[in-house]
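Q: output the structure for:
(chains A and B)
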There are 2 protein chains.
Amino acid sequence: MRVLVTGACGFVGHYLANVLRKAGHEVLGTVFELEGKHYPQQTEFQTTSLDITNSEACQQLVQEFSPEVVYHLAGIAFAPLAAREFDRAMAVNVNGVYRLCEALPEGSTFVLASSGEVYGKVELSDLPLDESFEAKPANPYSLTKLLAENVVSYAARKRLLKGYVLRPFNHIGPGQAESFVAASFAAQLARIALGLQQPVIRVGNLEAERDFMDVRDVVRAYQLVLGAPPGTYNLSSGTSVSIQALLDILIDISGIDVRIEQDPDRMRPSEVREVRGSFERSLKAFGWKPEIDIETSLRDIYSYWLSRLTIEKANSYRDQ
Amino acid sequence: MRVLVTGACGFVGHYLANVLRKAGHEVLGTVFELEGKHYPQQTEFQTTSLDITNSEACQQLVQEFSPEVVYHLAGIAFAPLAAREFDRAMAVNVNGVYRLCEALPEGSTFVLASSGEVYGKVELSDLPLDESFEAKPANPYSLTKLLAENVVSYAARKRLLKGYVLRPFNHIGPGQAESFVAASFAAQLARIALGLQQPVIRVGNLEAERDFMDVRDVVRAYQLVLGAPPGTYNLSSGTSVSIQALLDILIDISGIDVRIEQDPDRMRPSEVREVRGSFERSLKAFGWKPEIDIETSLRDIYSYWLSRLTIEKANSYRDQ
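A: Here you go, the predicted model:
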């Protein structure tokens, strides 16, 4: 089938488009130009530039490529940026969904990458979060995601689209940016192992417990969900792991001795102690639950950083 | 108290600001410049110009006037315009709410004028609609209203505002624009009575049944709701009246003989036969239900048009 993946140079989009391509689908990935410049690319799928805030461009692209399925992963995902530039976050994360849906012919399939963050500031007694739990976003980013979900429901009714809303909880994997905690720890450890950094790892709040999955499990859900009835689905592991445990596993994997140092810049107090989502609805509807355990995931992330930094180191010697 | 009324030159905003002023409150009404030019004004309250899409202007106004209560009635209310210019409708109807709420100090009261239209394409078996019925907007205008409601809930949580969402059903009254059905009929009948038009009244679909209230009842609800717990409230009459009945009553009031002619331009097929909302929650929470019956309301509307057109006629003679 013909599949459009927006945000195909993002962390998840890149995995998804590659997997769909390997599965034999005709894949077109869209890239926001500025974003493309930041992301090292070896794509096996075709890409094109798209500014999701440009109505005509969205319409033209959909008309020319005529996708049967749109995976909409483009968006402003960095919460502080969404807070600082709310109008832009709305234009991209909400109006962009409306524009794409309006451009699609009736009966098309539209999959929105929302976020487990829409549930907001939850209490221990709310866990595990299931899809019937009222979404109460706690920051401007997750507010835009909830609004985007509403736009998908609207378009599904109005334009007879098959509308899917996926709410992934924390996902990690090789290739994720260092602003995310697992990547940050793994990259620091790899630098230490390669002698690029003193044996001190800088960390933030280690107490919060989050629901982590591997990005490859997330991508598998994106494929499987098309066989399920349209609707809203959590993507989560059903368990929570503390940031401290994540760090301990990674240190263990690296096999090196490090000193742990708290970084005041990373010590934002966590408003929510524990987050854990239920995957029951997804399991029932499309037979999905995560399969990659956290140790495997963290091992792959550490290997990724080791190999990436080794290449960078070699290149920097060569450049001297 | 200090009350900010946005959209104070609109149909409802104008009534509300005047009533609040007469009740002794310190009232500042905001007017979008372009809109102000269209609307004949004799306001007894102070007005200022505000473009709700201008973040700095919103912030400055709130800082300077420091309102305890904001009645937010500004917005793009003409559904075809919201459909044609969706980005603008979003910027005004949704982002505008976010901007105002962000500017308010914690603990302030924010009242959003939403719409009974958020319920969408309802079935007879859904009636009367109460607030627990899932909102499924059926056009871009009512979609923006639902999204705005979400923004108010967000701001109420995040900025500790007292957030009220009011969902008025069809409201009519002296001063409403002729694009609305009761005003259209009354204005045509008044023109006929004054010899300004042939005795032919042009009508659209007469079969739809809607829930009509008088604007003065709506405005009374806006005042009373402040005594109720924050939340979402219908403003509706609990009964429905067909457009045919509305026409019959108005013809009867005018006491003139007219021929009724169907206007193909007004014959949009109505997707929803009957709409009727429940006012039970509002009655319980703040003791409100409509008090002005439809005959009184239509009589006042007809008188308004007779007097307005008489003045216009006199002025046009004088100008010759």
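Q: A:Thr47 pairs with what?
A: As for beta bridges, A:Thr47 partners with A:Gly29 under DSSP bridges.
Q: number of residues surrounding A:Tyr154?
A: Using other Cβ atoms under 10 Å in any protein chain shown, A:Tyr154 has 25 neighbouring residues. Any C-beta I mention is one placed from the backbone N, CA and C, and that applies to glycine too.
Q: contacting residues for it?
A: When contacts are counted by Cβ atoms under 8 Å, 6 or more residues apart in numbering or on different chains, A:Tyr154 touches B:Lys136, B:Pro137, B:Leu143.
Q: look up how far B:Val118 lies from it.
A: 11 Å (Cβ to Cβ, to the nearest Å).
Q: now the common contact residues for the two.
A: B:Pro137.
Q: interface residues of chain A facing chain B?
A: Residues of chain A that fall close to chain B, judged by Cβ under 8 Å from any Cβ of the partner chain: A:55, A:86-87, A:90-91, A:94-95, A:98-99, A:120-121, A:136-140, A:143, A:146-147, A:150-151, A:153-154, A:157-158.
Q: what subset of those residues is buried?
A: Buried residues within the residues of chain A next to chain B, counting neighbours by 16 or more other Cβ atoms under 10 Å in any protein chain shown: A:55, A:86, A:90-91, A:94-95, A:98-99, A:120, A:136-140, A:143, A:146-147, A:150-151, A:153-154, A:158.
Q: from those, which land in helices?
A: Among those, the members falling in helices (DSSP state H) are A:55, A:86, A:90, A:98-99, A:140, A:143, A:146-147, A:150-151, A:153-154, A:158.
Q: columns distance to B:Thr296 on top of those, output as CSV?
A: As requested, those are arranged in CSV below (distance: Cβ to Cβ, whole Å):
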residue, distance to B:Thr296
A:Ser55, 47
A:Phe86, 45
A:Met90, 43
A:Tyr98, 42
A:Arg99, 46
A:Pro140, 46
A:Leu143, 43
A:Leu146, 42
A:Leu147, 41
A:Asn150, 39
A:Val151, 41
A:Ser153, 40
A:Tyr154, 38
A:Lys158, 38
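Q: of those, closest to A:Pro128?
A: Set against A:Pro128, the nearest of these by Cβ to Cβ is A:Leu146 (19.4 Å).
Q: I'd say that closest one and B:Val151 touch.
A: No. The criterion here is Cβ atoms under 8 Å, and A:Leu146 misses it with B:Val151 at 9.7 Å.
Q: of the contacts of A:Tyr154, list those near chain A.
A: Checking the contacts of A:Tyr154 against chain A by Cβ under 8 Å from any Cβ, the ones in range are B:Lys136, B:Pro137, B:Leu143.
Q: and which of those residues is nearest to chain A?
A: Checking the ones next to chain A among the contacts of A:Tyr154 against chain A with Cβ to the nearest Cβ, the nearest one is B:Leu143 at 5.0 Å.
Q: tell me who's in contact with the closest one.
A: A:Asn150, A:Val151, A:Tyr154, B:Pro137.
Q: could you export those residues as a markdown table, including distance to A:Leu28 and pLDDT?
A: Formatted as a markdown table, the contacts of B:Leu143 follow (distance: Cβ to Cβ, whole Å; pLDDT from 0 to 100):
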| residue | distance to A:Leu28 | pLDDT |
| --- | --- | --- |
| A:Asn150 | 27 | 98 |
| A:Val151 | 22 | 98 |
| A:Tyr154 | 25 | 97 |
| B:Pro137 | 31 | 96 |
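Q: pipe those residues into JSON lines and attach distance to A:Leu4 per row.
A: What follows is the contacts of B:Leu143, written out as JSON lines (distance: Cβ to Cβ, whole Å):
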{"residue": "A:Asn150", "distance to A:Leu4": "22"}
{"residue": "A:Val151", "distance to A:Leu4": "17"}
{"residue": "A:Tyr154", "distance to A:Leu4": "20"}
{"residue": "B:Pro137", "distance to A:Leu4": "26"}
